[in-house]
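# compute the structure for the input listed below.
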Amino acid sequence: MEIKQPLPRTAYQKNAETYKILANPKRLEILNLLREQEMSVEQLIKTLGVAKANVSQHLALLRHAKLVTVHRKGLNGYYNIIDPRIVEPCRILHQLSLKNKK
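Alright, predicted model coming up:
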């Protein structure tokens, strides 16, 4: 009996590329912040406590991976998460780590 693949093989390659981008604590923090609200670069810099160049680099990678979008209001760029479900594994793993400490 042939076993049906849950996803096409190309999906695993694409997912692995996305997981590489997500395998950074600052990018996960950015995505979790954007899950809660739209934020400007300046707001992210202040909240994260890192340099503008660093935040911009992370946002560029997230934009390239199509995980966030940006729109302009005057001179400021405002970022939104494409789909809040992308951070669910982060939240699940956090809950599991709390549960395992008990």
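
# report how many residues lie close to V55.
Per other C-beta atoms under 10 Å, the neighbour tally for V55 reads 22. Backbone N, C-alpha and C define where each C-beta goes, glycine included.

# which SS state does it fall under?
What DSSP: H, G, I helix; E, B strand; the rest coil gives for V55 is helix.

# which stretches of this protein form helices?
Ranges of helices within the chain are 9-22, 25-36, 41-48, 52-64, 88-101, based on DSSP state H.

# which other helices and strands contact the shortest one?
This points to helix 41-48. Applying 3 or more C-beta pairs under 8 Å, 6 or more residues apart in numbering; DSSP states H and E, one finds that helix 41-48 makes contact with helix 25-36, helix 52-64, strand 76-81.

# tell me which of those lies nearest to L93.
L93 lies closest, by C-beta to C-beta, to one member of those: helix 25-36, at 10.0 Å.

# please save the CA atoms from that closest one in CSV.
The C-alpha coordinates for helix 25-36 follow below in CSV (Å, rounded to 0.1, in the frame of the first residue of the first chain):
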residue,chain,number,x,y,z
PRO,A,25,15.4,35.4,18.3
LYS,A,26,15.1,39.1,17.2
ARG,A,27,13.1,38.2,14.1
LEU,A,28,10.8,36.0,16.2
GLU,A,29,10.4,39.0,18.6
ILE,A,30,9.6,41.3,15.7
LEU,A,31,7.0,39.0,14.4
ASN,A,32,5.4,38.5,17.8
LEU,A,33,5.3,42.3,18.3
LEU,A,34,3.7,42.8,14.9
ARG,A,35,1.2,40.1,15.7
GLU,A,36,-0.1,42.5,18.3
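
# now that helix: mean pLDDT?
Over the span of helix 25-36, the pLDDT mean works out to 96.

# return the distance of it from the chain's centre.
Centre-to-centre, helix 25-36 and its host chain are 6 Å apart (C-alpha atoms, centre = their mean, to the nearest Å).

# give me the nearest residue to L44, chain neighbours excluded.
In this structure, L44 finds its nearest non-sequential neighbour in V55, 5.2 Å apart by C-beta to C-beta, 6 or more residues apart in numbering.

# pLDDT below threshold where in this protein?
The chain contains residues with pLDDT under 70 at 102.

# list the contacts of the residue nearest in space to the middle of it.
What sits nearest the mean C-alpha location of the chain, by C-alpha atoms, centre = their mean, is L31, with 3.8 Å. Contact analysis of L31 by C-beta atoms under 8 Å, 6 or more residues apart in numbering lists 22, 62, 67-68, 81, 86-87, 90.
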